[in-house]
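> what follows is a predicted structure for the sequence shown.
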Amino acid sequence: YIGISPSAPPSNGKLPSRQSLNHRIRYHMRGNAEGSTLRLSLGCVLEEQLGIQLRRVGSGKRLTFASGEERLSEWLEENARVAWLGGWSAAGLAESGGELVRFAVLWALAFLLVGVNEEVLFRGYTLLTLARGIGFWPAALALSTLFGMLHYFTKPMETWADGLSTGLLGLFLCYTVRLTGDIWLAAGFHFGWNFLAMAVFGGPNTGNDGKPLTGHLLASSFHGPPWLTGGPMGPEASLLVFPLIAALFAACAWRFRGGLATAAAARRGACGR
């Protein structure tokens, strides 16, 4: 649909519209046909299906679907999608009530165990011991390469983008260990990344035959070319993940600059230079 955004700033000196894109989307989803061409068009097309009719309101020229606006809003909630970059859309919650809570808790526990286990294995004692022998960055590069290769070679349908992004994310997590002196930021990030990508946003995963996990929170779908969505590998295989990883390195370098980095160095011990 074209035309959902606010109007361009006027060129006659008047103040621009105070509405944001969020306001416009909300109005198209819950407003009325008088102020939304989207609702007017859909309502006319769905007139017989929904049993609604365009009517004049009051003594003026305003036209709406009157009480039928509520039925049109319900149809939009069930069928319309708000997609950013054309790659992902959601239509409310996929679960409700006790099932929502049950799946949220189960997936949270599962991803917490995965995050802590992999960080202890790749960024804990192994990184510390190897760094003592060959230095921190050579050790971090070696373990991150191994981390990416294990994901690439042991999971079906993998691509170079997923293997490379996983290795770079592993290197970023090594960097957080160097900055903080322990694995807890890395473990928390690892948990949050997996939980949000798969249990909340419903991203597919090749470990699950390229399908979303059962019981993910949002009734979502990925659509678009694989370079955008990651295809069956999920968001980690999207080419958009690479600038995101660069931004993560920059954000951590800024967050732990100066005094914080110096304080962390005292706890890094023998983690190498």
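Structure received. Being a predicted model, the structure only gives us computed values, none of them experimental.

> could I get the buried residue list for the helix or strand hosting residue 119?
Assigned by DSSP states H and E, residue 119 falls within helix 97-123. Neighbour-count burial for helix 97-123, counted by 16 or more other CB atoms under 10 Å, picks out 103-104, 107, 110-112, 115-116, 118-119, 122-123. In short, each C-beta sits where N, CA and C put it, glycine included.

> now for it, which elements pack on it?
When contacts are defined as 3 or more CB pairs under 8 Å, 6 or more residues apart in numbering; DSSP states H and E, helix 97-123 sits against helix 136-154, helix 160-180, helix 184-194.

> at 10 Å instead, please
With contacts taken as 3 or more CB pairs under 10 Å, 6 or more residues apart in numbering; DSSP states H and E, helix 97-123 sits against helix 125-134, helix 136-154, helix 160-180, helix 184-194.

> now the third one, how far from the centre of its chain.
For helix 160-180, the distance from its own C-alpha centre to the chain's C-alpha centre is 18 Å (CA atoms, centre = their mean, to the nearest Å).

> what packs against it?
Here helix 160-180 is seen to pack against helix 97-123, helix 125-134, helix 136-154, helix 184-194, helix 241-255, helix 259-268 when contacts are counted using 3+ CB pairs under 10 Å, 6+ apart.

> so for the helix holding residue 119, mean pLDDT?
For helix 97-123, the mean pLDDT works out to 93.

> quick one: that helix to chain centroid distance?
In terms of CA atoms, centre = their mean, the gap separating the centre of helix 97-123 from the centre of its chain is 17 Å.

> and what of stretch 190-208?
Its chain's C-alpha centre lies 9 Å from the corresponding centre of stretch 190-208 when counted by CA atoms, centre = their mean.

> quick one: end-to-end distance for it.
Between the start and the finish of stretch 190-208 there is a gap of 19 Å, counting by CA to CA, to the nearest Å.
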